[in-house]
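have a look at this fold, sequence not included:
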């Protein structure tokens, strides 16, 4: 049964207190109908309607450059429901292959909770100028969240998480391309999407092995997920006198300087792509993958600071205290 108050509570928790919310909902996640009525369907419908309204009130065109129509809104809702079911089925099916739980109900709960930021991004994609950028950043952040939630809900063993994640993502892309072809609509921009994913992942379509630790989109998502997970495990007990050491001050300055340099470089790259888009020049998915970290920063969900601290062997809890 639909419960608006509970839905709002779960959405807010998934955005701002993700892991406690995931753990709290786990006991209820065994019923896929409950998840669908409580989270999946409301999120799909709300995101589509808000995006439609913003597009109508804003520039009069959608993020894809099309004029919003009521039939397009209905199609977006139907496609969203199909996509949610496909993603949940694929990730849960491959979870059993890789030693986890092959439960569609748990898969639907995990993917829906992980993609709450993505639904928010979809809703805001109707905003003029930065809407598409915010939507892309939140979609990428949702992929990071999906990497984190899989061990909790589908219990994929640590040694097989990377393989399960990448295989499931690739299977999802193929499934969407096939569905788009069967529906007679290139809803995902098949050729550009396939080429972009190939370039970002570092995997050739001839079956070349994929480097999950590389700098492509998938490798970046996995790396960010690992860093966030490691940072959350850090603990630090502040000194009783509350005073900083010289080492702590120097390390904090180093991190802030590195963060400033990284942010400046990413901002310049984003500006370049934005100018190309404004000039109606082609912007490829390779461009999006190259600035993945910058996109998440624009969305206010940056992991750059965590990456700088943890890559140098630092303690995230100590850094936050400093």
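Sure thing, it's come through. Being a predicted model, the structure only gives us computed values, none of them experimental. Numbering: from 1, shown residues only.

next, count neighbours for residue 243.
Using other Cβ atoms under 10 Å, the number of residues around residue 243 comes to 8. The way it works is simple: take the backbone N, C-alpha and C, and place the C-beta from them, glycine included.

I meant to write residue 175 there.
Counted with other Cβ under 10 Å, residue 175 comes out at 16.

how about residue 76?
The tally of other residues near residue 76 (other Cβ under 10 Å) stands at 21.

after the helix or strand containing it, next one along is what?
Assessed by DSSP states H and E, residue 76 sits inside helix 70-97. Next helix or strand after helix 70-97 toward the C-terminus (DSSP H and E): helix 104-114.

who's in contact with that following helix?
10, 14, 18, 21-22, 25-26, 28-32, 35-36, 39-40, 43, 84-85, 87-89, 91-93, 95, 142-143, 145-146, 148-150, 152-154 (Cβ atoms under 8 Å, 6 or more residues apart in numbering).

ok, back up a step: report the mean confidence score over the helix holding residue 76.
The average of the pLDDT scores along helix 70-97 is 89.

please name every helix or strand in contact with it.
With contacts defined as 3 or more Cβ pairs under 8 Å, 6 or more residues apart in numbering; DSSP states H and E, helix 70-97 has these neighbours: helix 41-57, helix 104-114, helix 131-153, helix 161-182.

recalculate using a threshold of 7 Å.
Applying 3 or more Cβ pairs under 7 Å, 6 or more residues apart in numbering; DSSP states H and E, one finds that helix 70-97 contacts helix 41-57, helix 104-114, helix 161-182.

the nearest residue to residue 321 once chain neighbours are set aside in helix, strand or coil?
With Cβ to Cβ, 6 or more residues apart in numbering as the criterion, residue 321 has its nearest non-adjacent residue at 5.4 Å, and that residue is residue 238. At residue 238 the chain is in coil, as set by DSSP: H, G, I helix; E, B strand; the rest coil.

residues near residue 238, how many?
The tally of other residues near residue 238 (other Cβ under 10 Å) stands at 12.

model confidence score at it, please.
Looking at residue 238, its pLDDT is 89.

again with residue 284
Residue 284 is assigned 49 on the pLDDT scale.

where does the stretch 201-322 of the chain dip in pLDDT?
Residue ranges of the stretch 201-322 of the chain with pLDDT under 70: 201-229, 263, 265-303.

80 instead, please
201-233, 259-307, 311 (pLDDT under 80).

how close does the residue lying closest to residue 3 once chain neighbours are set aside get to residue 111?
Using Cβ to Cβ, 6+ apart and skipping the chain neighbours, the partner closest in space to residue 3 is residue 38 (6.4 Å). Relative to residue 111, residue 38 is positioned 14 Å away (criterion: Cβ to Cβ, to the nearest Å).

higher neighbour count, the two?
Applying other Cβ under 10 Å to residue 38 and residue 111 shows that residue 111 carries more neighbours, namely 31 against 22.

list the helices and strands the helix or strand hosting residue 22 packs on?
In this structure, residue 22 sits in helix 18-25 according to DSSP H and E. The contact analysis (3+ Cβ pairs under 7 Å, 6+ apart) places helix 18-25 against helix 4-16, helix 104-114, helix 131-153.

please identify the deepest-packed of these.
Ranked by mean neighbour count under mean count of other Cβ atoms under 10 Å, those are led by helix 104-114, which reaches a mean of 26.

after it, next one along is what?
Helix 104-114 is succeeded, C-terminally, by helix 116-124 (DSSP H and E).

leaving out chain neighbours, which residue sits closest to residue 6?
residue 38 (6.2 Å).

residue 315 now?
That would be residue 234: by Cβ to Cβ, 6+ apart, it lies 4.9 Å from residue 315.

so how far is residue 313 from the one you found?
11 Å.

show me which of the two is the more surrounded one.
Neighbours around residue 234 and residue 313, counted as other Cβ under 10 Å, are more numerous at residue 234. The numbers are 16 against 6.

ok, the residue nearest to residue 315 - contacts?
By Cβ atoms under 7 Å, 6 or more residues apart in numbering, residue 234 lies in contact with 315-317.

counting neighbours, which of the residues you listed comes out on top?
Within the contacts of residue 234, neighbour counts (other Cβ under 10 Å) peak at residue 316, which reaches 20 neighbours.

any idea how far residue 245 is from residue 114?
Residue 114 sits 39 Å away from residue 245, going by Cβ to Cβ.

please disregard the earlier target; I meant residue 179.
Counting by Cβ to Cβ, the gap from residue 179 to residue 245 is 57 Å.

quick one, which of those two is more surrounded?
Between residue 179 and residue 245, counted using other Cβ under 10 Å, the more crowded position is residue 179 (16 against 10).

quick one: the more buried one and residue 311, what's the gap?
Distance from residue 179 to residue 311, by Cβ to Cβ: 39 Å.
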